[in-house]
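Asks: The sequence isn't on hand, but the structure is:
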RNA sequence: GACCCCUUCGUCUAGAGGUUAGGACACCACUCUUUCAAGGUGGAGACACGGGUUCAAUUCCCGUAGGGGUCGCCA
């Protein structure tokens, strides 16, 4: 059997990390078995669906590099077929008209709640004579669900889950305006798209029982279900706006790499022994539903960021530079030129281990792009004293005579300079760093000077040394 | 409230009857060192509780407690 999975978000909000993980798991499962990964936009609630949200879903999946097979399916496009099936069920006696108004239903629920009874539809129109229908109300079509026995879902993550059929109510298939509900549409679409495995959040677990009954009523085979636990906020509560940035795009903007995001999401609820850093290829090879945990996981920003740092360190220079360019252009308010980019490329190995996200990295690299003379920040300005100016002036003279502008050349010279003045390296390196970067923190000062190049380095140093009072 | 699911360090997790209960993040020390990181070494830190089953339970079963989810003409 060919494995066909699908990601079926509703475009009523942005793609959040829970949805992203669901997409990732479906994608990995399909890839692992050489199957297909389909995308279906569940827009049957046309009032709440927006094209911005649809775009956000596409963008999010794009960023995570979770491409789908074939064209994305818009659920609303199948409305006619969905409605036809509802009428077919009606004709077969497996569904019925219900003339309850929304007001009547909420009254019913209120009363049930007050009396401590289950808040389900009481099936009042199931066996009632349609002749009694009120003339002013357009009816809905409800599913005539079995009232006894039980429905068992052989869930690939949760194991067998048994639900007594009396717990399930007669769900609405077709609204009073004739449009199909989600419950009907998923069943029809999963069947039509030949979905073999439905991997989704476990908030759908009870829906799986309802949907299974619908599949049976239609004489169809339900897909295999795998309900994965939800992701919670750091406080253990359901993930919500309170927890801050939730759309995957927000993480991208924070300078998180897509690979880090995927790796983090993968490890949230899934594991492969003690492995932590897992490449896309390994993930495809190792992924299986059996190793998904059954308990909900909390979102931990620290771990995401730590993972991000590790992916930044591993990242290829070229890719990093192209990700950094727009950020730098933003900070500089103009695009960096070739020569400046050259400096960035040279310093990249020194920059990588010092940044946890791309934004931080761009900020750390910013000094490379600044025009002389540099404005020193508060801390580094304090390092420039009358004494250190004199020292920098002397050092400048020695550096000007240096022929070997390399790490060893520079280090030998500066160390020798410090020794001959009976100074610790730090005493010399810090003012030097301030002169080169305008900051007290940077990659190795020698790497910085190499990246800046001889001319710029000497220029920056003379800017400081020349100010001797 | 009813039904369903869950419970190993603070967090993510390994474990699938007998382990000094392992790893990662965070934390603390030390180390490296021109700053800051990164790296290296070490440390502290967990089987929710109560009953069973068993020679032996973190592991199997049943309760309790706690957490989560679902009960829409939303998806």
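Replies: Perfect, thanks for sending it. Every value quoted in this text rests on a predicted model; they were computed, and no experiment measured them. Residues are numbered from 1 along each chain as shown, chains lettered A, B, ... in the order given.
Asks: check whether the lowest-mean-pLDDT helix or strand in chain A contacts RNA strand B.
Replies: In chain A, no helix or strand scores lower on mean pLDDT, DSSP states H and E than helix A:102-114, which sits at a mean of 86. Yes. Interface with RNA strand B: helix A:102-114 contributes A:102, A:105, A:109 (Cβ under 7 Å from any atom of the strand). C-beta: built from backbone N, CA, C; applies to glycine.
Asks: Quick check: the second one vs residue A:116, distance?
Replies: Computed as Cβ to Cβ, to the nearest Å, the residue A:105 to residue A:116 distance reads 19 Å.
Asks: And for the first one?
Replies: When Cβ to Cβ is applied, the distance between residue A:102 and residue A:116 equals 23 Å.
Asks: before we move on, what about residue A:159?
Replies: 31 Å.
Asks: and these two? which has more neighbours close in?
Replies: Legend: neighbour count by other Cβ atoms under 10 Å for residue A:159 and residue A:116, higher for residue A:159 (9 against 6).
Asks: hmm, the strand or helix carrying residue A:435 in reach of RNA strand B?
Replies: Residue A:435 is part of helix A:425-437, with elements assigned from DSSP states H and E. Yes. Counting by Cβ under 7 Å from any atom of the strand, RNA strand B is contacted by helix A:425-437 at A:425-426, A:429-430, A:433.
Asks: And stretch A:357-372, by the same measure?
Replies: No. Counting by Cβ under 7 Å from any atom of the strand, RNA strand B is not contacted by stretch A:357-372; separation bottoms out at 8.3 Å.
Asks: can you tell me the distance between the two ends of that stretch?
Replies: Stretch A:357-372 has an end-to-end distance of 27 Å (criterion: Cα to Cα, to the nearest Å).
Asks: May I have the residues that are in contact with the nearest residue to residue A:196 once chain neighbours are set aside?
Replies: Distance criterion Cβ to Cβ, 6 or more residues apart in numbering; nearest residue to residue A:196, sequence neighbours excluded, is residue A:4 at 4.8 Å. Residue A:4 is in contact with A:30, A:35-36, A:38, A:193-197, counting by Cβ atoms under 8 Å, 6 or more residues apart in numbering.
Asks: Can you lay out these as CSV showing pLDDT and distance to residue A:287?
Replies: Output for the contacts of residue A:4, formatted as CSV (pLDDT from 0 to 100; distance: Cβ to Cβ, whole Å):
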residue, pLDDT, distance to residue A:287
A:30, 97, 10
A:35, 97, 12
A:36, 97, 15
A:38, 98, 17
A:193, 97, 21
A:194, 97, 21
A:195, 97, 18
A:196, 97, 16
A:197, 97, 12
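Asks: The helix or strand harbouring residue A:284 packs against which elements?
Replies: Assigned by DSSP H and E, residue A:284 falls within helix A:280-286. Helix A:280-286 sits against helix A:17-32, helix A:258-267, with contacts defined as 3 or more Cβ pairs under 8 Å, 6 or more residues apart in numbering; DSSP states H and E.
Asks: May I ask which helix or strand encompasses residue A:211?
Replies: Counting by DSSP H and E, residue A:211 is part of helix A:205-217.
Asks: what does stretch A:377-396 contact?
Replies: Residues from elsewhere that reach stretch A:377-396 (Cβ under 8 Å, 6+ apart): A:376, A:414, A:417, A:421, A:423, A:428, A:430-435, A:437-440, A:458, A:461-462, A:464-469.
Asks: List only those of the residues you listed flagged as buried.
Replies: Buried members of the contacts of stretch A:377-396, counted by 16 or more other Cβ atoms under 10 Å: A:376, A:414, A:417, A:428, A:430-435, A:437-440, A:458, A:461-462, A:464-465.
Asks: still on that earlier bit, got the contact list for the helix holding residue A:211?
Replies: For helix A:205-217, contacts defined as Cβ under 8 Å, 6+ apart pick out A:89, A:94, A:143, A:145-146, A:151, A:153, A:155, A:158, A:161, A:163, A:165, A:168, A:171, A:183-184, A:186-187, A:190-191, A:198, A:221-222, A:225, A:227.
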